[in-house]
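Q: Pasting a predicted model and its sequence here:
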Amino acid sequence: MTSMQDLIKLVIVTPQMTLFQDAVAFIQVPAYDGYMGFLPGHAPFVSTLGTGILKCGSRDDPQICFSISGGYFEIHDDEMIVLADVAERPEAIDIERAERARERAIRRLTGEDAGNWDLERARAALARALNRIRMSQNGH
């Protein structure tokens, strides 16, 4: 049996809602410069979020996933707070909308009018769309 000393309290918050709040055994976070893993007892740490799939696991559900994009996270005293610009559960992802967003971002990056768009925003939109598509296709 897992005790609370073997768990991290994870809270995922977006501007719209608290998406998740539970104790988990591990957390893998898409930080701005790559994925980072956390176990109970980790030293305090703060970083920015990138775009990717946040994975965590608990006794009841060994793999819980969220599509994450932008924001910050902090861990201290076995509690992680994720303040995400965007966070979605796999079942909330509209795959057709994500495909349209991917196509639109590609057009903005490579089409005739590519010079008329903010390329950094188009790259970020493409990364978010690809992350949503990857997550829904992998059945997370």
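A: Great, that's in hand. Numbering: from 1, shown residues only.
Q: Going by neighbour count, list what's buried in stretch 132-140.
A: Neighbour-count burial for stretch 132-140 flags 132-133, 135-136, 140 (criterion: 16 or more other CB atoms under 10 Å). Just so you know, the C-beta spots here come from the backbone N, C-alpha and C atoms, and that holds for glycine as well.
Q: do stretch 50-64 as well
A: Buried, per 16+ other CB under 10 Å, within stretch 50-64: 50-56, 58, 64.
Q: How far off centre is it?
A: Stretch 50-64 sits 10 Å away from the centroid of its parent chain (CA atoms, centre = their mean, to the nearest Å).
Q: avg pLDDT for that stretch?
A: Here stretch 50-64 scores 87 as its mean pLDDT.
Q: still on that earlier bit, right, and the pair among the buried residues of stretch 132-140 with maximum separation?
A: Farthest apart among those by CB to CB are I133 and H140. That separation is 11.7 Å.
Q: just the buried residues of stretch 132-140: which has the poorest pLDDT?
A: H140 (55).
Q: remind me, longest strand of the chain?
A: strand 64-76 (DSSP state E).
Q: which non-adjacent residue is nearest A31?
A: Spatial nearest neighbour of A31, excluding adjacent residues (CB to CB, 6 or more residues apart in numbering): S47 at 4.9 Å.
Q: Wasn't that neighbour part of a strand?
A: Yes: S47: assigned to a strand according to DSSP: H, G, I helix; E, B strand; the rest coil.
Q: list the contacts for it?
A: Shown in contact with S47 (CB atoms under 8 Å, 6 or more residues apart in numbering): 29, 31-32, 36, 72-73.
Q: how far away is it from E74?
A: 8 Å (CB to CB, to the nearest Å).
Q: Show me the domain layout of this protein.
A: 4-90, 94-137 (automatic domain parsing).
Q: Between its first and last residues, what's the separation in the last one?
A: Right, the one you point to is domain 94-137. 12 Å (CA to CA, to the nearest Å).
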